[in-house]
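Chemist: turn this into a model:
(chains A, B, C and D)
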Protein chains: 2
Amino acid sequence: MTMPGNEAAFLADYDPQAYDRPSVAVDLVLMSVVDGAPAALLAQRAEHPHAGQWVLPGGFVPMNEDLDAAARRILSDKAHLDGAYIEQLYTFGAVDRDPRMRVISVAYFALLPADRFAAALEADPALTLARIAFAPSGEDRLQARGRQGVLPLAFDHAEILSVAMTRLRGKIDYSDIAFALLPERFTLRALQDVHEAILGVSLNKPAFRRRMLDRGWLQPTGERETGASFRPAELFRHRPSPVTS
Amino acid sequence: MTMPGNEAAFLADYDPQAYDRPSVAVDLVLMSVVDGAPAALLAQRAEHPHAGQWVLPGGFVPMNEDLDAAARRILSDKAHLDGAYIEQLYTFGAVDRDPRMRVISVAYFALLPADRFAAALEADPALTLARIAFAPSGEDRLQARGRQGVLPLAFDHAEILSVAMTRLRGKIDYSDIAFALLPERFTLRALQDVHEAILGVSLNKPAFRRRMLDRGWLQPTGERETGASFRPAELFRHRPSPVTS
DNA sequence: CCAAAAGTGTTGCTACTACACCCATGC
DNA sequence: GCATGGGTGTAGTAGCAACACTTTTGG
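Modeler: Below is the predicted model:
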């Protein structure tokens, strides 16, 4: 073991191959609210292991790419999306979570308005937007449901999904992330639907309305909804929190 | 590229060496409250890079060890401590955060009562318990202060420390983590001191008292403080939340 | 006019704060 | 008794939930 007198010499000597290293991946939980229910984008695996089962879009982190950059790259390459709200979620590192080899996965979650997924679903037939629901029997076990029924999730992706839902539920009523799930202009009813879908409860309309208005996050546009066969609601815009930033 | 018909055959064929992989480390933010101020355990680096500077105790994650297990191992081997409250914090993966090579660090934070650090400090002279304070000039930049003044932090460990403090501040008033910073039996005054140190504000005594009692986290022991030259306070014990678990 | 959903006024509850005060102990 | 911090009573305030009500549109 050498002990050179200066840092540059030490670095030149250093052997980065000295130990075996795990692979590092980034997995993305791409979430939205569709028809009053939380939904996540899943991809069907074409290859072993777990061929045919469903996974979160993900990929390995190359040597020269930051974690956040890898997340954005996967968002664009694997999910054909961009510009989402994105946030690091948790890192999953159980030894045997992937049968091929040791893979440590840094999970991110990303939020998008439901209509933004259309292009992605069209571009890649292996993608689907699954409804996330509580399993009827199990207590707080989650299920991903597609057209044909429950989609089996590969690896530990059911757990990742569950952590993402928990984080989302925890943040939705003190932060402004709900707006990332809505288009630029939206009605208060739509905002309430998003909250109800995430929290899984129904909320009192007047109370919700005033709570939101009091927080100062909503900017009235003066415009109104069109196409309704009843009184059209006002459209609001998200005013990025004047307090925080 | 082969495509065997079954999963077992596929796994046998799989070459885990196909791509370069980053190293994965676990770093621990070991926190406490000492004399009314937040504190963290730091180690002085003996070797390059950044020899002489201070770092969070940490180590690499071997191929056959879960992340949480690695965190506990480092707690016991590097910090000579055990049984702490421990929680995954965030994963830091900037490409050049370590000049030796690509290292992705999964940071954990651990909370301990102040007196538990004594043994660790005695066992390893390279360790110190630094006060964490806001830098006087900068707005929300943190400083680690030792006996001799500000301790320079190596790598991106100042940022890790800052994320840990933010997380702690965010959780302290809705979760019961504050109790992890106190001995088994403690007075309400001690609990309030912990809250005030973490939040950096002074709190109203009667309000704090009742808020805590109302949450049902406190179990009166009937015993009282000794050695005070005034009315001795009652000692309480933490009753692990009856609601959550 | 009617149905349907938007939007408002009012009331009451709960959590929390602020302030004033009393209580118990060592010296 | 007195200084010191522990502990309590009382009142006020802010946020929020429940309910009843009015308003505005399409048909």
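Chemist: can you give me the buried ones in the lengthiest helix in chain A?
Modeler: Ranked by residue count under DSSP state H, the longest helix found in chain A is helix A:157-172. Within helix A:157-172, the residues scored as buried using 16 or more other Cβ atoms under 10 Å in any protein chain shown are A:His157, A:Ala158, A:Glu159, A:Ile160, A:Leu161, A:Ser162, A:Val163, A:Ala164, A:Met165, A:Arg167, A:Leu168, A:Ile172. In this view, the C-beta of every residue, glycine as well, is placed from N, C-alpha and C.
Chemist: in CSV: those, plus pLDDT.
Modeler: Output for these, formatted as CSV (pLDDT from 0 to 100):
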residue, pLDDT
A:His157, 97
A:Ala158, 96
A:Glu159, 96
A:Ile160, 97
A:Leu161, 97
A:Ser162, 95
A:Val163, 96
A:Ala164, 97
A:Met165, 95
A:Arg167, 95
A:Leu168, 95
A:Ile172, 94
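Chemist: quick check, nearest of those to A:Phe179?
Modeler: The shortest approach to A:Phe179 among the buried residues of helix A:157-172 belongs to A:Ile172, at 10.4 Å (Cβ to Cβ).
Chemist: re the thing from before, among the buried residues of helix A:157-172, which two are most distant?
Modeler: A:His157 and A:Ile172 (22.1 Å).
Chemist: A:Arg185: how many residues sit nearby?
Modeler: 15 (other Cβ atoms under 10 Å in any protein chain shown).
Chemist: wait, isn't it in contact with A:Glu223?
Modeler: Yes: in this structure, A:Arg185 is within contact of A:Glu223 by Cβ atoms under 8 Å, at 7.0 Å.
Chemist: what's the overlap in contacts for those two?
Modeler: Contact criterion Cβ atoms under 8 Å, 6 or more residues apart in numbering or on different chains; residues shared by A:Arg185 and A:Glu223: A:Leu235.
Chemist: in terms of secondary structure, what does the following helix or strand past the longest helix of chain A contact?
Modeler: Next along the chain after helix A:157-172, taking DSSP states H and E as the criterion, comes strand A:185-186. In terms of contacts (3 or more Cβ pairs under 8 Å, 6 or more residues apart in numbering or on different chains; DSSP states H and E), strand A:185-186 is packed against strand A:234-238.
Chemist: tell me the mean pLDDT for the strand it packs on?
Modeler: Confidence for strand A:234-238, expressed as mean pLDDT, is 94.
Chemist: that strand and DNA strand C in contact?
Modeler: Yes: applying Cβ under 7 Å from any atom of the strand, one finds strand A:234-238 touching DNA strand C at A:Glu234.
Chemist: which neighbours does that strand have in its sheet, and in what orientation?
Modeler: If you go by DSSP bridges, strand A:234-238 pairs up with strand A:185-186 (antiparallel), strand A:218-224 (antiparallel).
Chemist: tell me which residues are up against the first one.
Modeler: The contact list for strand A:185-186 (Cβ under 8 Å, 6+ apart) reads A:Thr221, A:Glu223, A:Leu235, A:Phe236, A:Arg237.
Chemist: quick one: buried residues of stretch A:142-160?
Modeler: Within stretch A:142-160, judged by 16+ other Cβ under 10 Å, the buried ones are A:Leu142, A:Gln143, A:Ala144, A:Leu151, A:Leu153, A:Ala154, A:Phe155, A:Asp156, A:His157, A:Ala158, A:Glu159, A:Ile160.
Chemist: scratch that, stretch A:60-70 is what I was asking about
Modeler: So for stretch A:60-70, counting by 16+ other Cβ under 10 Å, buried means A:Phe60, A:Val61, A:Pro62, A:Glu65, A:Asp66, A:Leu67, A:Asp68, A:Ala69, A:Ala70.
Chemist: same deal with stretch A:101-121?
Modeler: By neighbour count with 16+ other Cβ under 10 Å, stretch A:101-121 contains the buried residues A:102-114, A:116-117, A:120.
Chemist: same thing with stretch A:33-49?
Modeler: A:33-34, A:37-45, A:48-49.
Chemist: and the least confident of those residues?
Modeler: A:His48 (84).
Chemist: and it, how far from DNA strand D?
Modeler: A:His48 sits 49 Å away from DNA strand D, going by Cβ to the nearest atom of the strand, to the nearest Å.
Chemist: is it true that that residue lies in a strand?
Modeler: No: looking at A:His48 with DSSP: H, G, I helix; E, B strand; the rest coil, it is coil, so not inside a strand.
Chemist: so what's A:Gln44 bridging to?
Modeler: A:Trp54.
Chemist: pretty sure it is touching A:Asp124, no?
Modeler: No: using Cβ under 8 Å, A:Gln44 is not in contact with A:Asp124, being 9.8 Å away.
Chemist: how about the top strand by length along chain A as PDB, C-alpha atoms only?
Modeler: Ranked by residue count, the top strand of chain A under DSSP state E comes out as strand A:23-34. Presented in PDB, the C-alpha positions along strand A:23-34 are these (Å, rounded to 0.1, in the frame of the first residue of the first chain):
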ATOM      1  CA  SER A  23     -24.700  -2.300 -11.300                       C
ATOM      2  CA  VAL A  24     -26.700   0.800 -10.700                       C
ATOM      3  CA  ALA A  25     -30.000   1.400 -12.500                       C
ATOM      4  CA  VAL A  26     -32.600   4.100 -12.500                       C
ATOM      5  CA  ASP A  27     -36.300   3.200 -12.500                       C
ATOM      6  CA  LEU A  28     -39.100   5.600 -13.200                       C
ATOM      7  CA  VAL A  29     -42.500   5.700 -11.700                       C
ATOM      8  CA  LEU A  30     -44.400   7.800 -14.200                       C
ATOM      9  CA  MET A  31     -47.700   8.700 -12.600                       C
ATOM     10  CA  SER A  32     -50.900  10.500 -13.500                       C
ATOM     11  CA  VAL A  33     -54.600  10.500 -12.700                       C
ATOM     12  CA  VAL A  34     -56.800   9.000 -15.400                       C
END
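Chemist: please identify the helix or strand for the residue nearest to A:Gln88 when sequence neighbours are not counted.
Modeler: Leaving aside its sequence neighbours, A:Gln88 sits nearest to A:Tyr108 (Cβ to Cβ, 6 or more residues apart in numbering or on different chains; 5.4 Å). For A:Tyr108, the host element (DSSP H and E) is strand A:103-111.
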